[in-house]
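Q: Using only what follows, build the 3D model:
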Amino acid sequence: MILLSSSFESFIQLLGALVIFLMILGATYFTTRWIGNYQQINMRNKNLQILESIKVGTNKFICLIKAGEIYLVVAVGKDEVTMLAQLTEEQLSEVPTHNADVVKETTDSFASVLEKMKGHFSKK
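A: Sure thing, here's the model as predicted:
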């Protein structure tokens with residue numbers, strides 16, 4: 001009888017720990033979603049947008065920022081931000097892809113790529 005009551009108590013403790021774990025997991029999920037939605041609402045700006053950025057080194061970026069009707073090119077480092085240039089909308093242009101072959105290859109079907117690869121390997 002004592003053995004039965006001990007194993008039943010252990011089972012109840014296991015269920016209690018499982019319920020507490022699931023409650024903590026649920027609270028973490030909903031808190032993370034709430035914080036994500038809160039930050040997304042606060043990050044929406046009407047007058048300030050990062051249009052493009054490119055990495056030029058470790059922790060160094062060049063960014064194109066639209067501030068109202070003005071376009072700014074800024075260098076962003078680990079501890080500093082430096083304005084490089086101020087542009088007008090007429091000075092901006094779409095930059096074409098410099099490697100058209102890469103774009104063409106990605107639109108090929110899998111079968112054609114497989115046939116090309118078969119030609120590179122010798123048959124044994």
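Q: So what touches stretch 35-47?
A: Outside stretch 35-47, the residues that touch it by CB atoms under 8 Å, 6 or more residues apart in numbering are 67-68. (C-beta placed from N, C-alpha, C; glycine too.)
Q: Where does residue 40 fall, secondary structure wise?
A: Applying DSSP states H and E as the criterion places residue 40 in helix 2-43.
Q: immediately after that helix, which helix or strand?
A: Sequence order places strand 48-57 as the next helix or strand after helix 2-43, per DSSP H and E.
Q: Neighbours of residue 71, how many?
A: 17 (other CB atoms under 10 Å).
Q: Surely it is in contact with residue 87?
A: Yes - if you go by CB atoms under 8 Å, residue 71 and residue 87 touch, sitting 4.2 Å apart.
Q: residues shared between the contacts of these two?
A: Common neighbours of residue 71 and residue 87 (criterion: CB under 8 Å, 6+ apart): residue 64.
Q: And residue 86, how far from residue 69?
A: 11 Å (CB to CB, to the nearest Å).
Q: For residue 113, see how far away the nearest residue to residue 60 once chain neighbours are set aside is.
A: Counting by CB to CB, 6 or more residues apart in numbering, the nearest residue to residue 60 once its immediate chain neighbours are dropped is residue 77, at 5.2 Å. From residue 77 across to residue 113, the span is 41 Å (CB to CB).
Q: element containing residue 83?
A: When secondary structure is defined using DSSP H and E, the element that contains residue 83 is strand 81-87.
Q: Residue ranges of each domain in the chain, please.
A: 1-44, 48-91 (automatic domain parsing).
Q: following the lowest-mean-pLDDT helix or strand in the chain, which helix or strand shows up next?
A: Using mean pLDDT, DSSP states H and E, helix 100-107 stands out as the lowest-scoring helix or strand of the chain, at a mean of 52. Proceeding N to C from helix 100-107, the next assigned helix or strand is helix 110-120, under DSSP H and E.
Q: okay, and for this protein, where does confidence drop off?
A: Within the chain, the segments meeting pLDDT under 70 span 1-4, 43, 45, 94-108, 122-124.
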